[in-house]
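K.L.:
model this:
(one chain, ligands or ions: 2)
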Amino acid sequence: MRLLVKLGGTLLETAERRTSLGVQLKRLFGEGHEVVVVHGGGKRLSRYLAGLEHESEFIRGLRVTPPEILDAVLRVLAGSVNRQLVADFQASGLQAVGLTGIDAGCVQASQLDPRLGQVGKVERVDPTLLNRLSRDGYLPTVACVAGGDSGAIYNVNADQMAAACAAALGVDRLVFLTDVGGVLDVGGQVIKRLESADARSLIDGKIAIGGMEAKLTAAIDAIRQGIHRVSIVNGHEADILARTLNGTGAGTELRA
Ligand SMILES: Nc1ncnc2c1ncn2[C@@H]1O[C@H](COP(=O)(O)OP(=O)(O)OP(=O)(O)O)[C@@H](O)[C@H]1O
Ligand SMILES: [Mg+2]
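P.N.:
Ligands and ions are numbered 1, 2, ... in the order given. Now for the predicted structure:
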């Protein structure tokens, strides 16, 4: 099976969690699965920016990215977060390769909205490099930064980046590992199954807000682009990847 795993930023905060993810991914490789990882790093970036006396503003879950903070975005997401993750994956016996959407032009974006600054909307994904790496047994580990026209660089919401890559790669499953048990309903209970229309209602009804609004929007997009199964599950749970694949895990599943 081919799968795309999106790792949320809070999962990357501790060495213990990164190692657990590495061990789980290594097991999937051992079972013959091909995996591509896309990661965020929002919390780490917020801390770094706070140290520079920049308070991030979010509009519907997307970080306003004025050009002067792009350097920090690259240092944190493509730099420390990506490098540390790759190092921990290597320690788990994976052949991890860290990259961004800029590399080999694999993810090209354009400005999403002038109010958001350098936030990118994915325009196209060229899966050639990612396909080659995964066919050769490497684990592509992609930070959510994309290239654009004339050398532009964009900060892309990691969920949107994951959905766009999943669609271009034609993966069998897209799994979002996050820091909550799944998509929660108005009473705070995990919703087990969702259709795109229900997900849209959760957004319109302001039940899914902020980061979850961004994630559901990306999930709906992935389904629209032909991905049959999208899971939103808690990455802190033990053995969550295997359990999500074999259907014994908790969390939310969107189906086409
Ligand atoms: N209805 C909802 N169900 C579940 N979580 C929700 C809901 N509405 C809002 N949220 C928030 O969405 C958050 C998940 O999105 P968030 O963007 O913070 O994480 P992530 O996407 O996994 O990480 P990153 O953005 O760093 O890649 C939850 O921690 C929760 O606070
Ligand atoms: Mg998020």
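
K.L.:
Stretch 148-157 vs ligand 1: in contact?
P.N.:
No. Using C-beta under 6 Å from any ligand atom, stretch 148-157 never reaches ligand 1; the gap is at least 7.4 Å. Using the backbone N, CA and C atoms, a C-beta is placed for each residue, glycine as well.

K.L.:
Quick check: mean pLDDT of that stretch?
P.N.:
Stretch 148-157 carries an average pLDDT of 97.

K.L.:
In that stretch, which residues are buried?
P.N.:
Judged by neighbour count using 16 or more other C-beta atoms under 10 Å, the buried positions of stretch 148-157 are 148, 152-157.

K.L.:
Same question for stretch 23-41.
P.N.:
23-25, 28-29, 33-41.

K.L.:
before we move on, the earlier item: quick check, nearest of the buried residues of stretch 148-157 to residue 133?
P.N.:
residue 156 (19.6 Å; C-beta to C-beta).

K.L.:
before we move on, the earlier item: take the buried residues of stretch 23-41 and keep only those in helices.
P.N.:
Using DSSP state H, the subset of these located in helices is 23-25, 28-29.

K.L.:
Would you map the helices across the stretch 151-256 of the chain?
P.N.:
Under the criterion DSSP state H, counting those that start in this stretch, the stretch 151-256 of the chain contains helices at 158-169, 196-204, 210-224, 240-246.

K.L.:
Just send those back as CSV, with distance to ligand 1 and mean neighbour count too.
P.N.:
Converted to CSV, the helices of the stretch 151-256 of the chain look like this (distance: least, C-beta to the nearest ligand atom, whole Å; neighbours: other C-beta atoms under 10 Å):
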stretch, distance to ligand 1, mean neighbour count
helix 158-169, 4, 26
helix 196-204, 6, 16
helix 210-224, 2, 22
helix 240-246, 13, 19
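
K.L.:
Check whether residue 217 really touches residue 208, as I assumed.
P.N.:
No. The pair residue 217 and residue 208 fails to qualify as a contact (C-beta atoms under 8 Å) at a distance of 9.1 Å.

K.L.:
hmm, back to that, out of the ones in helices among the buried residues of stretch 23-41, the closest to residue 110 would be?
P.N.:
When these are compared against residue 110 (criterion: C-beta to C-beta), the nearest one is residue 25, at 31.7 Å.

K.L.:
thinking again about what came up before, farthest pair in the buried residues of stretch 148-157?
P.N.:
152 and 157 (16.6 Å).

K.L.:
Measure how buried the nearest residue to residue 209 once chain neighbours are set aside is and give me the count.
P.N.:
Excluding the flanking residues, the one nearest residue 209 by C-beta to C-beta, 6 or more residues apart in numbering is residue 61, at 7.6 Å. When neighbours are counted by other C-beta atoms under 10 Å, residue 61 registers 19.

K.L.:
and residue 61, how far is that from ligand 1?
P.N.:
6 Å (C-beta to the nearest ligand atom, to the nearest Å).

K.L.:
Tell me where the stretch 1-150 of the chain is predicted with low confidence.
P.N.:
Across the stretch 1-150 of the chain, nothing is flagged by pLDDT under 70.

K.L.:
Quick check: residue 186 vs residue 202, distance?
P.N.:
In this view, residue 186 and residue 202 are 9 Å apart by C-beta to C-beta, to the nearest Å.

K.L.:
show me what contacts residue 172?
P.N.:
Residue 172 sits next to 1-3, 228-229 when contact means C-beta atoms under 8 Å, 6 or more residues apart in numbering.

K.L.:
One more: residue 118?
P.N.:
Residues near residue 118 by C-beta under 8 Å, 6+ apart: 65-67, 70, 73, 111, 152-155.
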